[in-house]
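Peer 1: task: produce atomic coordinates for the following.
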Amino acid sequence: MVAATIIKMLMVLELLVVSTTALLDPMDFLALQSIRKSLHDVPGSSFFTTWDFTSDPCNFQGVYCESDKVIALNLGDTRAGSPGLTGRIDPAIGKLTGLTEFTMVPGRVIGKIPQTVSQLSNLRFFAVSRNYLSGEIPVGFGELRNLRTLDLSYNQLTGSIPHPIVSLSSLTNLILCHNHLTGSLPSSFSSNTLTRVDLMHNNLTGFIQPDSLPPSVQYLSLGWNKFTGPVDGLLTRLNRLNYLDLSMNRFIGFIPCVLFTYPITHLQLQRNQFIGPVQPTQQVSISTVDLSYNRLSGPVSPMLSTVQNLYLNNNRFMGSVPAEYVDRLTDGTIQTLYLQHNYLTGFRINQTADIPLSSSLCLMYNCMVPPAQSACPLKAGIEKTRPTVQCSELRG
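Peer 2: Numbers count the residues shown, from 1 in each chain. This is a model prediction of the structure:
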């Protein structure tokens with residue numbers, strides 16, 4: 001009994017000595033101890049070798065202090081290809097009340113994100129991408145008025161996106177892609193600084209209201225979900241977009257022509273149910289445009305001939321392909337031109353013309369015999385032309 005009492009007194013004395021030397025808040029010291037006990041290096045990692053609690057914790061790898069508080073915690077070796085951590089995120093993280101940044105490298109961390117994150121009122125950056133976190137996203141994130149970046153991508157999170165998140169006025173980056181989230185997109189984000197929204201590869205559903213996202217959004221990725229309804233109202237508001245991916249959903253309606261005037265580098269709208277013609281009012285400077293596997297119709301616009309990689313296949317486009325495409329294909333300006341599985345009737349290219357090896361053209365299964373230079377992917381099938389009856393019915 002006496003020996004046990006002496007041991008406890010020595011432990012307390014050691015804690016006081018360390019705390020006095022490091023001038024670290026005792027609550028932060030205890031929180032770091034709990035966090036360390038719940039996480040471990042995977043084989044090949046040596047991140048925690050510096051975490052010796054007989055020394056100043058502010059000198060630990062990944063720990064950054066200001067005055068007597070921990071202000072940043074970057075867990076794991078950030079070198080590319082290095083192993084990560086295993087274990088769980090301890091609820092004691094909520095005791096680090098001065099924390100402004102928390103990151104964790106890709107690894108094998110499991111379990112839920114602690115609800116105690118709601119206590120981190122100074123938190124600006126929270127990123128735990130590419131681990132095995134599960135459960136729902138804590139509603140408490142919506143209480144963090146200073147939060148700018150929330151990155152929970154590539155985990156196994158379930159449930160819906162907490163509605164209080166939309167009220168965060170400082171939020172700039174919302175990255176929740178590659179999880180198992182369900183429900184709808186919360187509407188009317190309060191932030192006028194929101195620039196990146198990445199919700200790709202989830203199970204999100206429902207309509208997206210025109211005012212759901214602020215005009216400040218520049219990067220929008222909603223691909224591989226189950227969203228429905230028209231998006232023309234939304235897209236006409238987001239005039240600062242430089243990246244847009246709405247692929248693999250159930251969107252309907254028309255594609256607004258104004259979209260092609262935005263400073264976009266990649267436009268991916270494939271595998272939806274968009275209808276109608278696509279007629280940009282000016283030459284398009286987007287490097288990649290994928291409108292394949294929709295229900296688009298009408299003539300192929302010459303304004304799209306300036307696109308480097310253009311996918312219009314598996315639609316209902318008609319008529320002859322404008323000469324601009326032939327010119328830009330033969331001079332190597334167009335690298336990919338996929339027009340297969342439409343109702344096109346002509347592509348005027350000289351049979352002796354050489355298409356650069358760096359360029360790909362596919363015209364199979366249209367209302368014409370494709371030129372010899374047309375080299376298609378295997379999924380285009382083996383039938384070169386459409387049955388005559390289908391072409392006649394469409395003209396009629």
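
Peer 1: neighbours around the residue nearest to Pro322 when sequence neighbours are not counted, how many?
Peer 2: Computed as Cβ to Cβ, 6 or more residues apart in numbering, the closest residue to Pro322 that is not its neighbour in sequence is Pro302, at 4.0 Å. No exception for glycine: its C-beta is placed from N, CA and C like everyone else's. Other residues within reach of Pro302, judged by other Cβ atoms under 10 Å, total 15.

Peer 1: what about Ser118, distance to Thr50?
Peer 2: Relative to Thr50, Ser118 is positioned 30 Å away (Cβ to Cβ, to the nearest Å).

Peer 1: repeat that for Phe274.
Peer 2: From Phe274 to Thr50 the distance is 55 Å (Cβ to Cβ).

Peer 1: and the residue nearest to Pro322, backbone torsions?
Peer 2: phi -70, psi -20 (degrees, to the nearest 10).

Peer 1: buried residues in stretch 299-318, which are they?
Peer 2: The neighbour-count check on stretch 299-318 (16 or more other Cβ atoms under 10 Å) flags 300-301, 303-315, 317-318 as buried.

Peer 1: and for stretch 103-114?
Peer 2: Buried-residue list, stretch 103-114, by 16+ other Cβ under 10 Å: Thr103, Met104, Val105, Gly107, Val109, Ile113, Pro114.

Peer 1: Phe274 and Thr50: who's more crowded?
Peer 2: Applying other Cβ under 10 Å to Phe274 and Thr50 shows that Phe274 carries more neighbours, namely 23 against 13.

Peer 1: which residue ranges of the stretch 251-396 of the chain form strands?
Peer 2: For the stretch 251-396 of the chain, the strands defined by DSSP state E, counting those that start in this stretch occupy 266-268, 273-276, 288-290, 295-299, 309-311, 316-320, 336-338, 343-346, 360-362.

Peer 1: next, format these as CSV and append distance to Pro214 and mean pLDDT.
Peer 2: Converted to CSV, the strands of the stretch 251-396 of the chain look like this (distance: least, Cβ to Cβ, whole Å; pLDDT from 0 to 100):
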stretch, distance to Pro214, mean pLDDT
strand 266-268, 20, 97
strand 273-276, 24, 98
strand 288-290, 25, 98
strand 295-299, 29, 97
strand 309-311, 30, 98
strand 316-320, 34, 96
strand 336-338, 33, 96
strand 343-346, 40, 95
strand 360-362, 38, 93
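
Peer 1: which of those strands sits closest to Gln209?
Peer 2: The closest of the strands of the stretch 251-396 of the chain to Gln209 is strand 273-276. By Cβ to Cβ, the value is 18.5 Å.

Peer 1: list the buried residues of the closest one.
Peer 2: Phe274.

Peer 1: and it, what does it pack onto?
Peer 2: For strand 273-276, the packing partners by 3 or more Cβ pairs under 8 Å, 6 or more residues apart in numbering; DSSP states H and E come out as strand 250-253, strand 295-299.

Peer 1: pull the distance from it to the chain's centre.
Peer 2: Computed by Cα atoms, centre = their mean, to the nearest Å, the chain-centroid distance of strand 273-276 equals 24 Å.

Peer 1: how about the helices and strands packed on strand 273-276 in TSV, adding distance to Gln270?
Peer 2: Below are the helices and strands packed on strand 273-276 laid out as TSV (distance: least, Cβ to Cβ, whole Å):
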stretch	distance to Gln270
strand 250-253	11
strand 295-299	11
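
Peer 1: show the model's pLDDT score for the residue nearest to Pro322.
Peer 2: pLDDT for Pro302: 97.

Peer 1: surely it touches Gly319?
Peer 2: No: here Pro302 does not reach Gly319: they are 11.4 Å apart, not a contact under Cβ atoms under 8 Å.

Peer 1: hey, where'd the helices end up in the protein?
Peer 2: Using DSSP state H, the helices of the chain run over 2-22, 26-38, 232-235, 323-330, 388-395.

Peer 1: can you report how many residues lie near the closest residue to Ala375 other than its chain neighbours?
Peer 2: Closest residue to Ala375 apart from its sequence neighbours, by Cβ to Cβ, 6+ apart: Ser360 at 6.3 Å. Using other Cβ under 10 Å, Ser360 has 18 other residues around it.

Peer 1: could you measure Ser360 against Asn313, distance?
Peer 2: Applying Cβ to Cβ, the value for Ser360 to Asn313 is 12 Å.

Peer 1: anything in contact with each of the two?
Peer 2: Tyr338 (Cβ atoms under 8 Å, 6 or more residues apart in numbering).
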